[in-house]
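Enquirer: return atomic coordinates for the entry below.
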Amino acid sequence: MLSEERIALEELRKTIREETERRGHPLTACVVTFGCQMNERDSEKLRGILLAAGFEGSDSEEADIVIFNTCTVRENANTRLYGHLGHLNSMKREHPDKIIGICGCMMQEKDEVEKIRTKYRFVDIVFGTYNIYRLAAVLNERMVSGKRVIEVWDKEKGIVEDLPVKRDVPWKSGVNIMFGCNNFCSYCIVPYVRGRERSREPKDILREVESLAKDGVIEVMLLGQNVNSYGKTLDVPMSFAELLEAVCRVPGIERVRFMTSHPKDLSDELIAVMARNPKVCRHLHLPLQSGSSRILNAMNRRYDKEGYLALTERIRAAMPDISLTTDKRSTWCAASASTVRSPSSTARGPAHRQLPCRTRCRRKSLRNVSQGSLTSYRRSVRSRAFGTSAGPCRHLSKVLILKRRGVLRVGSATTSACILKGTKA
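Expert: Predicted structure coming up:
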């Protein structure tokens with residue numbers, strides 16, 4: 001933790017002590033999380049900062065401070081957030097001292113921040129993904145001044161280590177190994193809200209894992225938007241396979257997982273490390289996104305259907321008992337009806353049993369992002385089909401793709417959820 005953040009945390013402790021005496025009861029804090037494992041890990045850091053400052057943890061939104069850690073990938077998460085805010089508005093009118101905060105990926109979108117600023121004036125603090133470690137300073141400013149604080153950065157000013165953490169589960173923990181993404185898949189907003197790839201130093205990662213092991217943790221999950229590209233931004237490059245092997249050598253750690261993997265970066269070196277190390281769990285989530293090489297190219301995924309299938313064959317040859325799961329997008333603006341409706345174009349041969357698949361039709365909004373030229377609205381349901389007994393899941397979804405100066409395409413599609421064969425996770 002930076003020295004200025006230590007000072008801010010101490011100032012917040014003092015403010016909380018004074019406020020506790022004034023109100024006559026301990027102050028409570030609740031963190032509500034929407035989104036992925038990265039958001040879950042960020043929320044553990046937010047809870048750690050709040051507890052270190054003197055708040056008591058709470059699972060109820062009736063707490064004195066409620067912070068929403070948001071997601072901008074899933075449309076449902078946005079809808080749920082605004083539903084929660086509507087409920088909290090009435091609670092805030094009854095309890096004016098209540099503090100409501102919003103952070104996370106959604107707050108990196110300028111139009112969403114402006115919407116909160118103008119239509120949800122009861123929200124007290126707003127900050128983004130790059131400065132969650134600034135929670136103590138932002139919250140203390142709000143409590144001392146009584147004015148709302150909006151602090152959203154356009155880029156990160158460095159990786160901050162040694163933040164306090166409150167884990168949800170005592171025996172397992174996520175460990176960030178990198179932040180951001182350099183892939184710029186054409187449907188994805190993550191590089192714009194999480195920034196470019198930054199890898200943590202191996203010594204900092206191993207020190208954190210060792211500390212977790214001493215605290216009773218036996219399972220760790222290594223987290224990154226694309227863990228397979230770990231180490232490329234380090235002064236002394238280190239592959240993810242080398243890092244994985246080093247983590248497995250930490251005494252006390254019995255199981256190691258990781259996500260998410262990008263097929264284009266998954267190396268034979270990593271497959272070999274997974275195969276020979278019993279601590280690495282026999283599960284791999286490997287997003288496919290489409291069974292059409294043409295659509296994969298339009299998505300800027302930088303692999304084709306044949307390359308993906310060859311990769312899964314190498315994985316299964318090295319680890320016959322591995323569980324493979326994947327993602328597939330249920331529709332795409334450039335897909336023809338025959339492409340979308342074709343049954344499981346990636347399924348082939350007896351070696352590929354039915355693969356549990358999450359079929360998605362997500363909202364990927366690039367509004368008001370300088371690098372983005374598309375605004376994509378996807379209104380549909382999100383389905384999960386897990387297990388070998390899961391049959392085809394069919395969805396009818398309307399997709400409206402807008403360019404800033406006109407409509408590109410309006411379409412609807414039906415798709416099957418089970419697009420590759422594999423074993424049950």
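Enquirer: can I get the CA coordinates of stretch 150-161 in CSV?
Expert: Once non-C-alpha atoms are left out, stretch 150-161 reads as follows in CSV (Å, rounded to 0.1, in the frame of the first residue of the first chain):
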residue,chain,number,x,y,z
ILE,A,150,-16.7,11.5,-8.3
GLU,A,151,-13.2,10.3,-9.0
VAL,A,152,-12.9,8.2,-12.2
TRP,A,153,-9.5,7.9,-13.8
ASP,A,154,-8.7,7.3,-17.5
LYS,A,155,-5.7,5.1,-16.8
GLU,A,156,-4.0,3.3,-13.9
LYS,A,157,-1.1,5.0,-12.2
GLY,A,158,0.6,1.8,-11.2
ILE,A,159,-0.2,-1.5,-9.5
VAL,A,160,-0.6,-1.1,-5.7
GLU,A,161,0.5,-4.1,-3.6
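Enquirer: quick one: contacts of it?
Expert: The contact list for stretch 150-161, computed with CB atoms under 8 Å, 6 or more residues apart in numbering, reads 1-2, 5, 107-108, 113, 117, 125-128, 130-131, 133-134, 138, 179-180, 195, 198, 200, 204. All C-beta atoms are positioned from the backbone trio N, CA, C, and that covers glycine.
Enquirer: OK, contacts around V175?
Expert: With CB under 8 Å, 6+ apart as the criterion, the residues that contact V175 are 41, 205, 208-209, 212, 220-223.
Enquirer: what sits closest to G104 if chain neighbours are left out?
Expert: The spatial neighbour of G104 that comes closest, neighbours along the chain excluded (CB to CB, 6 or more residues apart in numbering), is T70 at 3.9 Å.
Enquirer: ok so, going back, among the contacts of V175, which ones are in helices?
Expert: Applying DSSP state H to these, the entries found in helices are 41, 205, 208-209, 212.
Enquirer: put the buried members of those residues into a ChimeraX selection.
Expert: Of the ones in helices among the contacts of V175, the buried ones go into a single ChimeraX selection, burial set by 16 or more other CB atoms under 10 Å:
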select :41,205,208,209,212
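Enquirer: adding distance to P170, write the ones in helices among the contacts of V175 out as TSV.
Expert: Putting these into TSV (distance: CB to CB, whole Å) gives the following:
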residue	distance to P170
R41	16
I205	21
E208	16
V209	16
L212	10
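Enquirer: on the three-state scheme, D168 is what?
Expert: On the three-state scheme (DSSP: H, G, I helix; E, B strand; the rest coil), D168 is labelled coil.
Enquirer: just checking, it touches G48?
Expert: No. Contact between D168 and G48 fails when scored by CB atoms under 8 Å: they sit 11.4 Å apart.
Enquirer: neighbour count: those two, which is higher?
Expert: Neighbours per residue (other CB atoms under 10 Å) separate D168 from G48, with G48 holding more: 17 against 12.
Enquirer: which strands or helices does the helix or strand containing that one pack on?
Expert: Per DSSP states H and E, G48 falls inside helix 37-53. Here helix 37-53 touches helix 3-23, strand 28-33, strand 56-57, strand 65-70, strand 99-104, helix 135-145, strand 172-176, strand 219-223, going by 3 or more CB pairs under 8 Å, 6 or more residues apart in numbering; DSSP states H and E.
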